[in-house]
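Novice: quick one, what's the 3D model for this:
(chains A, B and C)
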Amino acid sequence: MTVSLPGVASRARPVRQHSYWWYLLPMAAGLLLIVLLPFAMNVYYSLFQWKGGLAPMRWYGLGNYTDLLADQQFWSAFKNSVFMIIALVVIPTLIGLVLAAVLFDYLGREFGSRVAAVLRATYYLPQILPIAVAGFIWSWVLAADGGLMNSVLGAAGVQSPPDWLGDPGIAIYAVMLVLVWLQIGYPVVIFMAALQRVDPELYEAAALDGAGWWRRFGAITIPQIRPEVFVVVITATVGALKVFAPILILTGGGPEGSTVVPSYYSYRNFFELSKVGYGSAIATMMSAVIFVIAIAMLFVQRRADRAEVGR
Amino acid sequence: MNTLTRRGFLGVAAAAAVASGLAGCGSPGGGPSSKAFKIVQYEDKTSAQSQGWQLALELFKQKHPELDVTFETTSFDAFRKNAKLVLGGSSVPDVVEFNKGNADGGQLASQGLLDPLDDAVTKYGWADKVTGSMQAFAKYSATGEAGSGSWYGVPNIGEYVMFYYNKALFKKAGIAAEPTTMDEFVEAMDKLKAAGVTPVSSSAATSQGFNQMWVWYSLVSAYADRTSIDDFMFLRNPVDFSSDPWKRGTDMFQDWISKGYLGTKLGGLSYEQAIVNFLSQKTGMLIWNNGSFARTRADATFDWGYFTLPGAQMTMGSSGHLWGVPTKSANKDLAYEWIETTLSPEVQNKIGELGGLPLAGDTTKITDKVTQQFTARFDELVKADTLTFYPDYPVPGFLDFIQSNMGAMSNGTETAAQYLSKLQSFYDDGRKTVKQG
Amino acid sequence: MSATSLSTVDPVSPVPPVAAQRATGRSRRRHRSRLRWVVLVAAALFALLVLAPVLLLVLNAFKTGGDYSAHGPLALPTTFSLDSFAQYLQIVDYPHALWNSVVISTLVAVLGATFSLVSAYAIGIGRVRGSGVLLALFLLATMLPQESLIYPLFYGAQATGTFNTVWSVVIVFTVLQGAFGTYLLASVTSTVPKELLEAAALDGAGRWRILTSVVFPILRPTLSVLVVFFFIWTWNEFYIPLVLLSDQSAQTVPIALATLQGQNSINVTVLNAGSLLSLLPTLVFFLIFQRTLSRGVTAGSVK
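Specialist: Residues are numbered from 1 along each chain as shown, chains lettered A, B, ... in the order given. Coordinates of the predicted model:
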């Protein structure tokens, strides 16, 4: 999508132009200082064995990386990342799309936007809770004996409800449930804001053509808010690969290591094992993996953008 | 409609900037005439130790009216994470509370972030107040191993682990008196089970379920002696986990799990849930330390009692957290005075009065009978030198490792033998790493 | 605004235009009116499910510690009590922490949104060279685990003298959140109609003018989202503020809340009460901004 049309610009030249680079300056400077420089330092630390603080830094070259590549536990933790992606990207985005459309496009119209706003606030509430507290509350909900969920299941006649957080085979699913709960508000809010942009006349035309609600949803709503869908999917994927706090609070990587995720390693090495060099290597490696995946998705997004423009 | 105009944004930003300028000015330190003295600690304000420290603060301020004393509260977790950064930075507190153990205190000592306190200890005679195994975690070697070397910290209180029990449920199960031997204890648990009550409230969640670990280590301690514990704890001689007391204690632990003495479905429970299970009368006993004493007194709606593991040779317990003086502290002499104040009779007795297990208090002065007995028991254990500390101290990452295995054993997916062999390799690896320095 | 504009709260004009749509046959109206109630109930039930855990939080904040210990977390309070709140306020300097949090979160929200808009403008509309790489770098900012940033940021803050002031935290989070914001807005700028931009340029508007009078109004809904997100995310941040604000006087609400958790003890009812108090400002902020979230310029303004 070319915007700066040469012909127009030359005609408008008498007006003073700020170069676009000036607009980038604050964030670019910030990025350099707060992100790139620390990341570089992080890579630097990863070449040493270091216990942090005033301990001596012992040169180790790429040793941390070769150790990491051979670390079975780290790589098998990525298996759980797949579950994380399902719980933080796939499910919430799909549910979020439907909810946002229903709220904005149906309930908002039928009952007024106040109702839609109240519902949206409720769905967003989990995102506002401090994660430590959310973890607490869910341990009450998911407790094996007398927890809220099992009490309800028991009342419904289920004989022996599962040990949600204590059974190594099931814990990951319990964690996924909590993550979906946590995440739902994020796509709903973004998509509802995005729906503001959709030209209502598109819907009118479709309705006149006899298209039902679902048809309009698929053919108009989703394509129109495509940029936001991409943003949600990509940022949620990055979040899923990086997710840590909910896991720490809910299960601590247990039971029996069944819910360990890669960033858990980084945390343990930095804080519990005092292996800052190794922890830095893990952080660098994780960033690299996430970067590769995100770039691939960004590439798809740009291509879709360009295709859209070409249409 | 215009709440979001650019001007609106900038207006809010400007107002906030002015406000924050004012907020940022709230940094500590009085006028140029008064010297600043900063104390950083992380105890719960309602705990006995913290209340004792409030008294100490008053006494200290009275002695030094020229000082501007700030008493800051952070959190245990926060300090653990930040200690190395904060103590090595530019605005360092004058005296801090720090966590005992090789992973925390040991690291701070070996990296030179804390000053050795040997001179102050001699000058003030602290070694007479902090005696025996209470000194163990106050001293660290050059490589950061506890148990020997210079003094780096000074504890104020101690801890020990006991079984709280519900007298009403005991009566209902037909248990006549407090068990005094291991056999009687097992018998009591059988009776509780028969009466449909879970005998011991426990937990095994990886992140917060420490009860199982304490049961296991209590059983090991029951058959241990000073040497075997010290070898394990302070990495002295190599430890063979396939022999007693390890084998005996762990086998018993597995036996108790399979007999249902410790409850089921522990993998998802935290210690808080275990405590509530006991207080809401779902279990007959609870294993926990003196941290639950005040709460049980306040919240139990039933008659209760406590005892340490009957018939045990040694008991879990340790000194509390430590006061340390950062190397970069600007007021070291004042810091020593502060520590001395916390060990003074008034403060120690106040802590004792509130059931905080002081190391240098006069137990006979405690007015409440129950608290007095509770504290007297602790004094006995210290005198007899039968405290075995906590099992996760020796090597880094041990807590996570043990917790994971406790969960596995509680779920029945791991046997005692399997656990012991894993324990052997983890411990040996960790020992090597720590010895490397 | 055309008569069929959807969901925009215009307190001035009444709702009737929607009703006009439904004047097509009685039976169809009855069917639709039943359906809308079904959908509403379904959405409300789902909301209740989402709310249920939070209700547990509220429940336990109004109990005394003894009540909670004796009956467990799921029971209703035997007596409705404000003890836990009182205790919390005694233990923690809540007003001070609240002030710190409000200042930091507001600054980050406003500055972050502003810088995001400005950077996204350059990338998305200005199409500066290498914008793809730039976007990737911005995304990188969101990928780094926080532990890896702590040491460098600590040393940086000490070196620049911003350590222990709110500015260190404000700068760090403005950049971190702004990176996300830039990415979001840059993606959305592709939807700004070319015709508008061309028209403005033809009218002799410079880049700044185009930004403020054309791009900004169109992106306002998304900007509102950013302001809300940034405020809430920054409010709940823990580790980096913990490292950069080591004095108690500079504590934020989450850090103050954490002081309630000891090594082997947690005061649950007080923690719950404190969490509610921590939650309320962000909730209020969200509710206030909801109104701006649901207003905004629809595509109809192109005309």
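Novice: quick one, what contacts residue A:254?
Specialist: Contacts for residue A:254 (CB atoms under 8 Å, 6 or more residues apart in numbering or on different chains) come out as A:168, A:171, B:205, B:206, B:207, B:267, B:403, B:404, B:407. C-betas here are computed from N, CA, C, even on glycine.
Novice: make it 10 Å
Specialist: Listed by CB atoms under 10 Å, 6 or more residues apart in numbering or on different chains, the contact partners of residue A:254 are A:165-166, A:168, A:171, A:247, A:260, B:204-207, B:209, B:267-268, B:400, B:403-404, B:406-408.
Novice: and residue C:64, by the same measure?
Specialist: B:298-299, C:70, C:77-84, C:87, C:269.
Novice: give me the neighbour count for residue B:217.
Specialist: If you count neighbours by other CB atoms under 10 Å in any protein chain shown, residue B:217 ends up with 23.
Novice: an error on my part: the question was meant for residue A:303.
Specialist: Per other CB under 10 Å, the neighbour tally for residue A:303 reads 10.
Novice: now residue B:167
Specialist: Counted with other CB under 10 Å, residues neighbouring residue B:167 total 15.
Novice: gap between residue B:296 and chain C?
Specialist: Residue B:296 sits 9 Å away from chain C when distances are taken as CB to the nearest CB, to the nearest Å.
Novice: so which helix or strand takes in that residue?
Specialist: In the assignment (DSSP states H and E), residue B:296 maps to helix B:293-299.
Novice: pull the CA atoms of the strand or helix carrying residue A:99 into PDB?
Specialist: Assigned by DSSP H and E, residue A:99 belongs to helix A:91-101. Provided in PDB are the C-alpha atoms of helix A:91-101 (Å, rounded to 0.1, in the frame of the first residue of the first chain):
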ATOM      1  CA  ILE A  91      -9.000 -21.400  21.800                       C
ATOM      2  CA  PRO A  92      -9.100 -17.800  23.100                       C
ATOM      3  CA  THR A  93      -8.800 -16.400  19.600                       C
ATOM      4  CA  LEU A  94     -11.600 -18.500  18.300                       C
ATOM      5  CA  ILE A  95     -13.900 -17.900  21.300                       C
ATOM      6  CA  GLY A  96     -12.900 -14.300  21.300                       C
ATOM      7  CA  LEU A  97     -13.900 -13.800  17.700                       C
ATOM      8  CA  VAL A  98     -17.300 -15.300  18.200                       C
ATOM      9  CA  LEU A  99     -17.800 -13.500  21.500                       C
ATOM     10  CA  ALA A 100     -16.700 -10.100  20.200                       C
ATOM     11  CA  ALA A 101     -18.900 -10.400  17.200                       C
END
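Novice: which strands or helices does that helix pack on?
Specialist: Judged by 3 or more CB pairs under 10 Å, 6 or more residues apart in numbering or on different chains; DSSP states H and E, the packing partners of helix A:91-101 are helix A:113-128, helix A:171-183, helix A:185-195, helix A:213-216, helix A:226-242, helix C:26-61.
Novice: at 7 Å what do you get?
Specialist: helix A:171-183, helix A:185-195, helix A:226-242 (3 or more CB pairs under 7 Å, 6 or more residues apart in numbering or on different chains; DSSP states H and E).
Novice: ok, back up a step: among the contacts of residue A:254, which lie within helices?
Specialist: The members of these that map onto helices under DSSP state H are A:171, A:247, B:400, B:403, B:404, B:406, B:407, B:408.
Novice: can you name the residues of the stretch 301-437 of chain B that neighbour chain A?
Specialist: When proximity is defined as CB under 7 Å from any CB of the partner chain, the stretch 301-437 of chain B approaches chain A at B:396, B:397, B:400, B:403, B:404, B:407, B:408, B:411, B:413.
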